[in-house]
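> Sequence plus predicted model, see below.
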Amino acid sequence: MNESLISIVAPLEGDTTATVVAFVEETVGVLRQLVTHYEIILVDDGVSAETVAGVRALLERYDFVRFLRLSRHFGEETAIAAGLDVAIGDYVIVMLPNMDPPSLIPEFFERARADADIVYGVRLHRKSEPFWYRAGARLFYWYINSVVKAGIPNDSTQFRCMSRQVVNAITQIRDPDQYLRLLTSYIGFRKEALPYSPINRTGEPTVRPKREAVNLARALVMDHTTHPLRTVIWIGVVIALFNAVVVAVQGGELHDALAFLVLSVMLAFVGEYVGGLSRRMRDRPAYYVREEHTSSVLLREERRNVVTG
Amino acid sequence: MTEFDAVVVGGGFYGARLALMLGGVGQRVLLVEREAELLARASLRNQARVHNGYHYPRSILTSLRSRLNYVRFSDEYADCIDRSFPHYYAVGKRMSKITAAQFSEFCRRIGAPLTPAPATAKKLFDADRIDSVFEVEECAFDATKLRRRVARELAIAGVAVALKTEALRVARRGDDGAVVTLERDGDELHVECELVLNCTYSRLNRLLVDSGAASIPMKHELTEMALIQPPPELGGAAVTVMDGPFFSMMPYPSRGLFTLSHVRYTPHYSWHDAGDAPIYDGDPLLSSRESRFVHMASDAARYLPAMRAARYVDSLWEVKTVMPRSEQDDSRPILLRRSAEHPACITVLGAKIDSVYDVEDALRKLLVIGAPAVGAHA
């Protein structure tokens, strides 16, 4: 058995008690076979009162489970960042309880220990997703990797195992928007992909709502690069030139309208970046922790000894 | 049947001090202790910290009292005190309930000495996780020396001490007297007295309930402090990280080691005594657990990287008992309560070794005035 300490960081958002219980049970079973020391950090980023009660009950059944409750819903990426901030492990594994199978923990861990600082999961297939989502994902990965070269591997998921050195590097970046996949690409280190088939504990559709998916794609792009800004500026310049030529030759109001449209588009992009800048200028904590609970377990053989009337 | 003026149940530091106090005013006192030695349980198995107020930034009253008691305790027991080490308080950047600026302002208000730590000490901490490091004045006590001294004083004061003796229950005798049933080597014996002090700490409800009295709401924790040899880079310094789920490392003079305790990992299990619920006996838990040293040291190393090289030697296990209401705000009230069912029996509970003076003051008042119930605040 390995003597490393493994931390599991799992953000919970809208997960049911059944999902969390099954996830923790399986994970504990796997970790007990794998290492001498572990912890499971469940980050509450907006679960129902019923799930909160379910997790509190888990704390009485399993040792080394920590329940970090954020003060409100901050989003998956921030919840993961909060978990990374408090994780104490030599290796930290990020997992989404509904889709990441605990049975793969040993493989992630062994490969991280052998020859990589970061082992990240890659979806083997997106079969369960609707066409529009797959097409959107394809377009996103083409743009972010072929055009702006952000280095987010195609179809990579949050499931990843990182060494302590990597976690320390990531937690030093105090950016209000903590996109783990971008930060992982930024910090470098040795990386390795591990293809796997996500599970689906609830059986319900797992794709993000359209608006959220588009927002995430926009944020990932704009956090990484000013490419879209430069693109629209150049389009604007070219059209303005063209416009000037056309107006010079024949005059007319249609072209003014077009130019106005282009300006609006440019302003929209500029606005996005200025917005991003102003968010950074505020320099306030990315999240707040409401409370932390930790395991308080009475072992079965102990139960017999302590009740004395 | 033997007769005494007072029977003090529990030979920890509080029980011994109160027995001395009563013996000092001419009473015939019997001090009963279950273990083979005095000060063998919670008085021995703790951080050995003499509190100088720094620890309670959320309760200024507790801090001020703590400052007064610090001076008194460290003077009175100067021969049992270790001051030979520097003590650093570091304020955490994240998850801390207090900022460095608030902490220095708080120390200024309570008049506690606080200076910026020397650069060599600051360098030991991870600047990304620690806001500021201060040097403070706070010492440790040697529980073994304290035990020897208290035993000597008890002998001089003529207090009878019964070791390896357990008080099973208290019964009423007349209007205001009591009979205490003791057990020693399997034999039961009875002692008559006018006053019983229940100084049994984590077992105080055990004695009350077995005597047919109502229990007092209490919270118990099975706690572990690791006994370690810190890495030499730390130069024998004590380190306390404020104020949240952090760790503390203090010299433990009676073993020549250091205790490592952690707000998150030191309590292994907690439970409450409330109402008519059965009373749990925490003692069997003391030997059934695996150490959490690895968790404590792994977290400590995030703030103080040298802690990676800390060497584990042993663990101190103890049941820690607190009054439920003191959990939120750092206040450390002392408990002094006369039992309604047994007016001769007074239950005593304090949290820190140095609040013994508050307990003594409150008990003096209670015995002279004879009020039926007092819950005093330290």
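Good, I have the coordinates.
> Helices of chain B, start to end?
Counting by DSSP state H, residue ranges of the helices within chain B are B:13-24, B:60-76, B:100-110, B:119-122, B:143-157, B:204-210, B:293-303, B:356-369.
> My read is that A:A286 contacts A:I80, right?
No - contact between A:A286 and A:I80 fails when scored by C-beta atoms under 8 Å: they sit 11.1 Å apart. For every residue, glycine as well, the C-beta is placed using N, CA and C.
> which residues do the two both contact?
A:Q178 (C-beta atoms under 8 Å, 6 or more residues apart in numbering or on different chains).
> Looking only at neighbour counts, state which of the two leads.
Neighbours per residue (other C-beta atoms under 10 Å in any protein chain shown) separate A:A286 from A:I80, with A:I80 holding more: 25 against 16.
> residues touching that one, list them.
Contact analysis of A:I80 by C-beta under 8 Å, 6+ apart lists A:9, A:11, A:43, A:94, A:158, A:178, A:180.
> and the nearest residue to A:L216 once chain neighbours are set aside, how many neighbours?
Closest residue in space to A:L216, ignoring its immediate chain neighbours: A:R208 at 6.9 Å, by C-beta to C-beta, 6 or more residues apart in numbering or on different chains. A count of nearby residues for A:R208, using other C-beta under 10 Å, gives 14.
> Distance check, A:R208 against chain B.
From A:R208 over to chain B the distance is 29 Å, taken as C-beta to the nearest C-beta, to the nearest Å.
> where do the helices sit along chain A?
With DSSP H as the criterion, chain A has helices spanning A:17-34, A:49-59, A:76-86, A:105-115, A:131-141, A:164-171, A:180-187, A:210-224, A:227-249, A:254-282, A:300-306.
> mean pLDDT lowest for which of these?
Lowest mean pLDDT within the helices of chain A: helix A:300-306, at a mean of 64.
> Need phi/psi at A:K127.
Geometry field for A:K127 lists phi and psi as phi -60, psi -40, criterion degrees, to the nearest 10.
> Excluding covalently adjacent residues, which one is nearest to the residue of the stretch 101-250 of chain B found nearest chain A?
Nearest to chain A in the stretch 101-250 of chain B, going by C-beta to the nearest C-beta, is B:D128, at a distance of 5.5 Å. Taking C-beta to C-beta, 6+ apart, and ignoring the residues beside it in sequence, B:D128 has A:Q172 as its nearest neighbour in space, at 5.5 Å.
> What's the local residue count around that neighbour?
Applying other C-beta under 10 Å, we find 11 other residues in the vicinity of A:Q172.
> And for A:S163?
A total of 21 residues lie near A:S163 under the criterion other C-beta under 10 Å.
> Quick check, it in contact with A:A112.
Yes - using C-beta under 8 Å as the test, A:S163 is close enough to A:A112 to be in contact (6.2 Å).
> Highest mean neighbour count out of the helices of chain A?
Per residue and on average, the most neighbours among the helices of chain A fall to helix A:76-86, with a mean of 23 (mean count of other C-beta atoms under 10 Å in any protein chain shown).
> phi, psi of the residue in the stretch 101-250 of chain A positioned nearest to chain B?
Residue of the stretch 101-250 of chain A nearest chain B, by C-beta to the nearest C-beta: A:Q172 (5.5 Å). A:Q172 has phi and psi values of phi -70, psi -20 when expressed as degrees, to the nearest 10.
> does it really touch B:D126, like I thought?
No - using C-beta under 8 Å, A:Q172 and B:D126 do not qualify as a contacting pair, with a distance of 9.8 Å.
> what residues does the stretch 251-378 of chain B put near chain A?
The stretch 251-378 of chain B has residues B:264, B:267-271, B:278-282, B:284-285, B:288, B:294-295, B:298-299, B:302 near chain A, with proximity defined as C-beta under 8 Å from any C-beta of the partner chain.
> Can you select the buried ones among the residues you listed for me in ChimeraX?
Buried residues within these, by 16 or more other C-beta atoms under 10 Å in any protein chain shown, are selected in ChimeraX with:
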select /B:264,267,268,269,271,279,280,281,282,285,294,295,298,299,302
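> ok, now which ones touch A:F108?
Contact partners of A:F108, counting by C-beta under 8 Å, 6+ apart, are A:93, A:119, A:121, A:159-161, A:194.
> Next one: the residue nearest to A:L216 from B:G177, what distance?
Between A:R208 and B:G177 the distance is 75 Å, computed by C-beta to C-beta, to the nearest Å.
> Ok, B:L207 next?
Applying C-beta to C-beta, the value for B:L207 to B:G177 is 17 Å.
> what does A:P195 give?
Between A:P195 and B:G177 the computed distance is 81 Å (C-beta to C-beta).
> Between these two, which has more neighbouring residues?
Neighbour tally, A:P195 and B:G177, criterion other C-beta under 10 Å: the higher count belongs to B:G177, 17 against 10.
> can you tell me which residues contact that one?
When contacts are counted by C-beta under 8 Å, 6+ apart, B:G177 touches B:192-194, B:344.
> what's near enough to touch the nearest residue to B:A309 once chain neighbours are set aside?
Counting by C-beta to C-beta, 6+ apart, the nearest residue to B:A309 once its immediate chain neighbours are dropped is B:P231, at 4.0 Å. With C-beta under 8 Å, 6+ apart as the criterion, the residues that contact B:P231 are B:306-310.
> do B:L257 as well
In this structure, B:L257 makes contact with B:227-229, B:251, B:313-314, judged by C-beta under 8 Å, 6+ apart.
> Most neighbours of all those, which one?
Highest neighbour count within the contacts of B:L257, by other C-beta under 10 Å: B:P251, with 25 neighbours.
> related to what we said a few turns ago, separate out the buried members of the contacts of B:P231.
Neighbour counting over the contacts of B:P231 (16+ other C-beta under 10 Å) leaves B:307, B:310 as the buried ones.
> Indicate the residue of chain B located nearest to chain A.
Closest approach between chain B and chain A, counting by C-beta to the nearest C-beta: B:P284, at 3.7 Å.
> so that residue sits right up against A:L298, yeah?
No - using C-beta under 8 Å as the test, B:P284 is too far from A:L298 to be in contact (10.9 Å).
> Could you list which residues are in contact with the closest residue to A:Y179 other than its chain neighbours?
Excluding its sequence neighbours, the residue lying closest to A:Y179 (C-beta to C-beta, 6+ apart) is A:E77, at 5.2 Å. Shown in contact with A:E77 (C-beta under 8 Å, 6+ apart): A:177-180.
> Neighbour-wise, give me the winner out of the residues you listed.
Ranked by neighbour count under the definition other C-beta under 10 Å, those are headed by A:Q178 with 24 neighbours.
> didn't that residue look like it was pressed against A:A81?
Yes - between A:Q178 and A:A81 there is a contact at 3.7 Å, judged by C-beta under 8 Å.
> Mutual contacts of those two, please.
Taking C-beta under 8 Å, 6+ apart as the contact criterion, the residues that touch both A:Q178 and A:A81 are A:A286.
> how about the residues of the stretch 101-250 of chain B near chain A?
Contact residues, the stretch 101-250 of chain B versus chain A (C-beta under 8 Å from any C-beta): B:128, B:209, B:245.
> Below-threshold pLDDT in the stretch 251-378 of chain B: ranges please.
B:326-332, B:369-378 (pLDDT under 70).
> can you give me the strands in it?
Listed from the start of the chain, the stretch 251-378 of chain B has strands (DSSP state E, counting those that start in this stretch) covering B:257-262, B:267-273, B:311-322, B:335-338, B:345-349.
> Tell me what angle the second one forms with strand B:311-322.
Spelled out, that is strand B:267-273. Put simply, strand B:267-273 runs at 10 degrees to strand B:311-322, going by axes from the mean of the first three to the mean of the last three C-alpha atoms, to 10 degrees.
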